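Asks: next comes the sequence, and after it the predicted model I'd like to discuss.
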Amino acid sequence: MKIKPEDAARLLAYICVISIGTTWLFPIFWAFSSAFKYDIDIFNPAMVIPPRWTLDNFKEPYFKPIFLTWIGNSFIVSGITTVIVILISVPAGHILARARSKFYHILSRILIFAYLFPSTFLVVGFIRLLGAFGMLNSYLGVVLAYVAFNAPYVIYLVYSYMFAIPEELEEALLVDGYTKFHVLTKLIFPLSFPVIVTGVLWTFMQSWNEVLYALVILSSPNLMTAPIGMATLQPGESITPWGTLWAFSLIYSIPPLIVFYALQQYYITGIMRGAVKAA
């Protein structure tokens, strides 16, 4: 039986999708199952599916109260960073999109250029600056660093999205006696909801998973975010509690998954509409 070229191409595409999907899903399944394994079973290749399940990794004395403190710290840092970035980015993106000056056009390009610098390139300068103002080992220091790295991208997203909102709507409100602040709060923020959600998800995820700056800024165990706290569970003088580490990782991964799943529709809409209008 002769296989048609289009059928062969479709079969090859299915094989590629299944292979890539398996490559991505296997580590996730391994992490999930390892959270319910005894330490002795975790690195046994023959025990991908646990032969015996346990919840001990989620209980004391293995699962310590400070783990929840670290997760709470991650919520505080990520939440504050996200709020500040959105409050800065929406007005800034709106101004850049509506301005007629060549200066603002150049500034919009500088935002993307600034975002191209890797965080490792700027870490020493940031640490010296925060140290000079006494902001090391504090939430404020981490939040300022995260805002500095996330705001340029979100501002550009909002700037691109603003072209989807007719200027006539803003002019009509101004003619009716509303101030520019009212235009921003009553028109721009509501109509920009999809791109705001995109900025929220982007900033929250980046802040939630960031390691480098939290590692060099925070030193007190009670202020550490979860990724840094997990690093303290690595081998030292004692044996690493791998089961507890996997359990901690599982709990830590649940909040962003829930948030992204709930808002994914708006995230995609914000990305696509902003990209199309900017083009």
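Replies: Good, I have the coordinates.
Asks: C-alpha only now, for contacts and for neighbours.
Replies: Noted.
Asks: next secondary structure element downstream of the host helix or strand of E6?
Replies: Using DSSP states H and E, E6 maps to helix 5-34. Note on helix 5-34: by DSSP H and E, the next helix or strand toward the C-terminus is helix 39-42.
Asks: next secondary structure element downstream of that next one?
Replies: helix 65-98.
Asks: follow-up on the earlier one: give me the mean pLDDT for the helix holding E6.
Replies: For helix 5-34, the mean pLDDT works out to 83.
Asks: packing partners of that helix?
Replies: Where contact means 3 or more Cα pairs under 8 Å, 6 or more residues apart in numbering; DSSP states H and E, helix 5-34 is packed against helix 242-278.
Asks: try 10 Å
Replies: helix 39-42, helix 242-278 (3 or more Cα pairs under 10 Å, 6 or more residues apart in numbering; DSSP states H and E).
Asks: residue ranges with poor pLDDT in the protein?
Replies: Within the chain, the stretches with pLDDT under 70 are 1-4, 7, 45-47, 60-62, 234-240, 268-279.
Asks: element containing the residue most central in space within it?
Replies: Closest to where the C-alpha atoms of the chain average out (Cα atoms, centre = their mean) is M205, at 1.4 Å. Assigned by DSSP H and E, M205 belongs to helix 193-209.
Asks: from the chain's centre, how far out does that helix sit?
Replies: Its chain's C-alpha centre and that of helix 193-209 lie 6 Å apart, by Cα atoms, centre = their mean, to the nearest Å.
Asks: mind listing what's buried along it?
Replies: 194-209 (16 or more other Cα atoms under 10 Å).
Asks: tell me what the helix or strand following that helix is packed against?
Replies: Counting by DSSP H and E, the next helix or strand C-terminal to helix 193-209 is helix 212-217. Packed against helix 212-217 by the contact rule (3+ Cα pairs under 10 Å, 6+ apart) you find helix 119-132, helix 139-161, helix 226-231.
Asks: out of those helices, indicate the one that is most buried.
Replies: Greatest average neighbour count among these goes to helix 139-161 (a mean of 23), per mean count of other Cα atoms under 10 Å.
Asks: angle of that one against helix 65-98?
Replies: Here the directions of helix 139-161 and helix 65-98 differ by 40 degrees (axes from the mean of the first three to the mean of the last three Cα atoms, to 10 degrees).
Asks: after helix 139-161, next one along is what?
Replies: helix 167-175.
Asks: can you point out the buried residues in that next one?
Replies: So helix 167-175, judged by 16+ other Cα under 10 Å, has buried residues 170, 173.
Asks: chain center to it: distance?
Replies: 35 Å.
Asks: picking up where we left off before, now do the buried residues in the helix holding E6.
Replies: For helix 5-34, using 16+ other Cα under 10 Å, the buried residues are 31-34.
Asks: now those residues as CSV including distance to Y261?
Replies: Below are those laid out as CSV (distance: Cα to Cα, whole Å):
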residue, distance to Y261
A31, 20
F32, 18
S33, 22
S34, 24
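Asks: between those residues, which is nearest W242?
Replies: S34 (8.3 Å; Cα to Cα).
Asks: what's near enough to touch that closest one?
Replies: S34 sits next to 28, 41-43, 47-50, 53-54, 57, 242-247, 250 when contact means Cα atoms under 10 Å, 6 or more residues apart in numbering.
Asks: good, wrapping up.
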